[in-house]
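**Q** Attaching a predicted model along with its sequence, questions to come.
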Amino acid sequence: MGARAPKVTPGATSSSAPSDAIVLFDGTNLNNWVSDKDGSTAPGPSKTACSP
């Protein structure tokens, strides 16, 4: 029998990420994003728009 995958714990709420997730964007800002083109960071706080 092969190795078992690690157990994944669901997020505390329906909008929380599971324990094995790598959160790329939390919906609040782009502060940790860097451009591949020139290495610059995102300008100031950003707002995101959600379509209904």
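**A** Received it, and whenever you're ready, just let me know what you need.

**Q** nearest residue to residue 41 other than its sequence neighbours?
**A** Sequence neighbours aside, residue 34 is the residue nearest to residue 41 in space, at 5.7 Å (criterion: CB to CB, 6 or more residues apart in numbering). C-beta: built from backbone N, CA, C; applies to glycine.

**Q** Could you report the neighbour count for the one you found?
**A** Neighbourhood size, residue 34 [other CB atoms under 10 Å]: 11.

**Q** and what of residue 29?
**A** For residue 29, using other CB under 10 Å, the count is 14.

**Q** tell me which element it is part of?
**A** Assigned by DSSP states H and E, residue 29 belongs to no helix or strand.

**Q** Can you read off the pLDDT for it?
**A** Predicted confidence (pLDDT) for residue 29: 77.

**Q** same check, this time on residue 12
**A** 93.

**Q** any idea how far it lies from residue 33?
**A** With distances taken as CB to CB, to the nearest Å, residue 12 is found 25 Å from residue 33.
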